[in-house]
Every structure is written in structure tokens, then in C-alpha cells.
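In: got a predicted structure here, sequence first:
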Amino acid sequence: MAPITATRDRTRSQQRFERAQQSLVEGVNSPSRGNAVYCGGPLFLERGSGSHVWDADGNEYVDFMMSFGALIHGHAHPKLVAVATEAIAEGSHFAAATSAEVEAAERFRSMVPSAEVVRFTNTGSEATMLALRLARAHTGRTRFLKFEGHYHGWYDPFLLNAHGHPPEQLGPPENPARISDSEGIPPATFDDVVLAPWNNIAALERIMQKHGHELAAVITEPIMANMGCILPREGYLQRLGELTRDYGVLLILDEVVTGFRYAPGGCQEYYEIQPEISTFGKALGAGFTVGAVAGPRSILDRMRWSDHMVLHYGTFNGHRLTMKVVAANLDLLSLNDAYSNLHAVGDEAIAGLREVFRRRNIKAIVQGFGPMFQIYFTERDAIHDYRDYCAYADTARYSRFVHLLLERGIYMTPSNGLHWIISTAHTKADVAALVEAADHACADLT
Ligand SMILES: Cc1ncc(COP(=O)(O)O)c(C=O)c1O
């Protein structure tokens, strides 16, 4: 059995956090990394190799957060380090046409079924922003539908009901209360947003009957990844595809989390669905910042230069160094057993955790499969949607559990809204370490 290392000395992390707060808001660059999530302040991570990371105090962890899923090959994969090192020596970026972006795009197209053409952006948020603009231009319609609990980046119109709230604030599912996730967004922005509960075909049919004819797009995550890991009900995504086609609405599949993770072609390949537009990020860049919009020429060609074009500029689009890494990343993912290994290691971790909770008689479920999953402390058999998550997931208990794991050499965010990530660097020994740490954590869990 893998050794469990106690990692309780946090002195240097705490000192660095004190210092960080002098110059950075909350000492971090995103609220999900700071005190709002990590009790006693965040761990300062200083180094990573494969599936392991080390903090400022020298504590070692198996990393199951993997940069919120960006690190599909773990930390500092030797091939990616070599490619990035060579690329930076030649000139990291020219903001000009390069062979690197062509090579990345060719590999992308060969893997993603719906990608007749691709446009690279710098983040997932930019990709979803562009996808919506394209859909509006293509259909000549302005309104779009988003689902409760789905996060598509931090662009204004997407920031409706993307955070969890107490169930009594949510309103009826057929007419959800509309809760902005951010100050500073003009309320009129949300006039164009139709909000719907996810995983509920009857509600969707009713809403599409009422609003379908006025919608440019429906945007959805194929697996809900920002309320943990919530799987689509059998046939749900297929029915969603039929309804959007019936009403002439474009389906935007947001594969920023699931893309290049579940299958070479992401969830659209795994679930056999045909989105008009899909968006990518995270695993595409293997740790470098990139996003992408993919789809048919008939839609993406609207970005061609003309008086009526869809504008998409960006100094760093198709960043040369990143494109070199993207191409190398996709080559690694195209190796024969990459996906079968991701699924096998993930399924083993899920089975191991379920067995620990069963043996310890703890009311918890592990939801998801293969390369991505989440633990919910709940009396329920499954969490099917945002409302289940808000009502039945004991997020405070989850946070206590993850803090106990952090003391036992497992790195993960204590936020229940995120999910556990398996990379190609994870091994059976890492899974054994997780299961043993979980067993110890359960013994101490209050
Ligand atoms: C489903 C989904 N879409 C879009 C985004 C935004 O991506 P980024 O953080 O790269 O801007 C995220 C980020 O977590 C996401 O989970």
C-alpha cells in the first residue's frame, strides 16, 4: 500500500499567503483558489511532476485537481517540456500565420467529429463568447437558452444561476428564479436569456414550445461539470438535439471540461451527438492557455473578413508556443491506449472510494465515470441536476473531507462544485494512495 505522508506543516504557505494579500485581491487571481474555499488559506504549490505536486513547505501530494482539468498529461510531461522549450527558443509568438497553428488545427479536426474548421481562442470563456456571437449572427436571433447550474465562463450573459443557492430561493423548475452570479452586469443583459432546468425533457419541451422560435442557440455542458459531475439522463442530449433542430436553434456543446477527456472527440463522440458549434479549452492545452470553437464552415466562415463579419480578434490567438504544445498533446492523446488507461484508472478510483464509503457506513456517492468524477455526501442515490445539488449535497461535509485528505497527501479543491480529474500520468499507486487516505479521512470525518 502507498505510504500516507502527514502534511500538516503549512508555515511557508501561510507566510506567502500573508504576503500575497498585500498585492493581490484575496491573495490570489481567482476566488476559487483562496480563503473562500481553503480553510486557513491556500497551499502554495511550487512544483509538479507527473501526478504529484509539492507545496512551499515541501509536502508532497498526489494531485487530483490537475489545474481544474487542464493537465491531461499531468505536470511537466517530458515531451511537452521539450516541445515548449524548443518553441520558446525559436520565438514564442509572432501574431502571424504559422505552421504550428495549422498542425494543431489538422490534429484537432482529425479527432473531433463536428470540426470541419476550428478557430483557436485563449480561454474557454472566449470560446463560449465567440460561439454565442456566431450563433446569433447565423440565425439572426438574439435570445438563447442556458441551463441552471451550468457554467460557461465569465462572459456577462452566461452568469445566471451558475452558482449554488439555497433551494428555497430557486423558484419553480418550469419558471426558475433568475439569480445573477455577479454584480456589474446590466440587468437587461439577461432579458435575452431563457433559463431552463437541465436533465428534464418535459420541462425542456414546454420551454422550447414557448421560446424555441426566438432562440439563436441552446448552450449546454454534455456532463454537468460545475456542480460536481452530473451525468445526462439516458436520451436527454439526443432529445435536446432533436428539439434544437426542430426549432432551427443551434446547439452549442460546451466541451471546455469534457473535450479530449472522455474520448478523442470528447462527449460528442462518446454520446454520439451532433452539435452545430462546440467549444473547447482546458485539456486541449495540456496546461497552456487555449480555447477553441469548432463547427461547420457554413457557420464559422462568418468570421471571414467582410462588412458583415462576426468579429473575433486577439493578439494571442493561435499563440505559436501553445499551438506546438497543442499538437504534441493531441499526438500523445492519439496513442493507442491513452483513453482506455484514463478510463481504467478513473474507474478503479471510483470503485475504491465507493468501497471505502460502504465499509465505513458513510452516506456518500461517487458520481461519474472514467476520467472525471465527484463525491457527494448525500442520502440520495444520485444527483441529477442543479436543484438536487442545492438541496441534497452536503457541501460543508465535502469540504471537511477534502481538508482531511489535504493533510494526508491528496491534493484536491475542497469545492464540491468541481470534480476529480484523472490524467494520463495517474497510476494504480496513486489510486491506492487516494483510497487509503480516504479511508483515514472517513475515520476522522465529523
Ligand atoms: C464548462 C465550462 N465552460 C467554459 C469555461 C471557461 O473556461 P476558462 O476558465 O478557460 O475561461 C469553464 C471553466 O471552468 C467551464 O467549466
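Out: That came through, no problem.

In: going by C-alpha atoms from here, please, whenever you check contacts or count neighbours.
Out: Will do.

In: what about His308, neighbour count?
Out: 10 (other CA atoms under 10 Å).

In: and it, what element?
Out: His308 belongs to no helix or strand when assigned by DSSP states H and E.

In: quick one: contacts for it?
Out: By CA atoms under 8 Å, 6 or more residues apart in numbering, the contact list for His308 reads Arg302.

In: please report the distance of it from Leu134.
Out: His308 sits 12 Å away from Leu134, taking CA to CA, to the nearest Å as the criterion.

In: overlap in contacts of the two?
Out: Overlap of the contact sets of His308 and Leu134 (by CA under 8 Å, 6+ apart) consists of Arg302.

In: contacting residues for Glu214?
Out: Contacts for Glu214 (CA under 8 Å, 6+ apart) come out as Arg141, Thr142, Arg143.

In: surely the last one touches Phe190?
Out: No: using CA atoms under 8 Å as the test, Arg143 is too far from Phe190 to be in contact (9.2 Å).

In: out of the contacts of Glu214, the closest to the ligand would be?
Out: Closest to the ligand out of the contacts of Glu214 is Arg143 (19.0 Å), distances taken as CA to the nearest ligand atom.

In: what is the burial count for the closest residue to the closest one other than its chain neighbours?
Out: Excluding the flanking residues, the one nearest Arg143 by CA to CA, 6 or more residues apart in numbering is Asp192, at 4.3 Å. Using other CA under 10 Å, Asp192 has 15 neighbouring residues.

In: same question for the one 10 residues further on.
Out: A count of neighbours around Ala202, defined by other CA under 10 Å, yields 10.

In: can you check Ala188 too?
Out: Neighbourhood size, Ala188 [other CA under 10 Å]: 9.

In: with Thr98 instead?
Out: Neighbour count of Thr98, defined by other CA under 10 Å: 14.

In: got it, and the one 4 residues further on?
Out: When neighbours are defined as other CA under 10 Å, Val102 has 15 of them.

In: element containing it?
Out: Counting by DSSP H and E, Val102 is found in helix 99-111.

In: helix or strand right after that helix?
Out: Note on helix 99-111: by DSSP H and E, the next helix or strand toward the C-terminus is strand 117-121.

In: output that next one as CSV, nothing but the C-alphas.
Out: This file holds the C-alpha atoms of strand 117-121, laid out as CSV (Å, rounded to 0.1, in the frame of the first residue of the first chain):
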residue,chain,number,x,y,z
VAL,A,117,-13.0,24.0,-39.2
VAL,A,118,-11.6,25.4,-35.9
ARG,A,119,-10.8,28.8,-34.5
PHE,A,120,-8.4,29.0,-31.6
THR,A,121,-9.0,31.4,-28.7
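
In: could you shift the numbering so residue one becomes 38, and keep it that way?
Out: Got it, the first residue is 38 from now on, which makes the last one we talked about strand 154-158.

In: what about that strand, near the ligand?
Out: No: Strand 154-158 does not reach the ligand (CA under 6 Å from any ligand atom); its nearest approach is 9.6 Å.

In: check which helices and strands whichever helix or strand comes after that strand sits against.
Out: Per DSSP H and E, the first helix or strand lying C-terminal to strand 154-158 is helix 161-176. Judged by 3 or more CA pairs under 8 Å, 6 or more residues apart in numbering; DSSP states H and E, helix 161-176 is in contact with strand 252-257, strand 287-291, strand 314-317, strand 328-332, helix 334-337.

In: parallel or antiparallel, list what pairs with the second one.
Out: Meaning strand 287-291. In the sheet, strand 287-291 lines up against strand 252-257 (parallel), strand 314-317 (parallel) (DSSP bridges).
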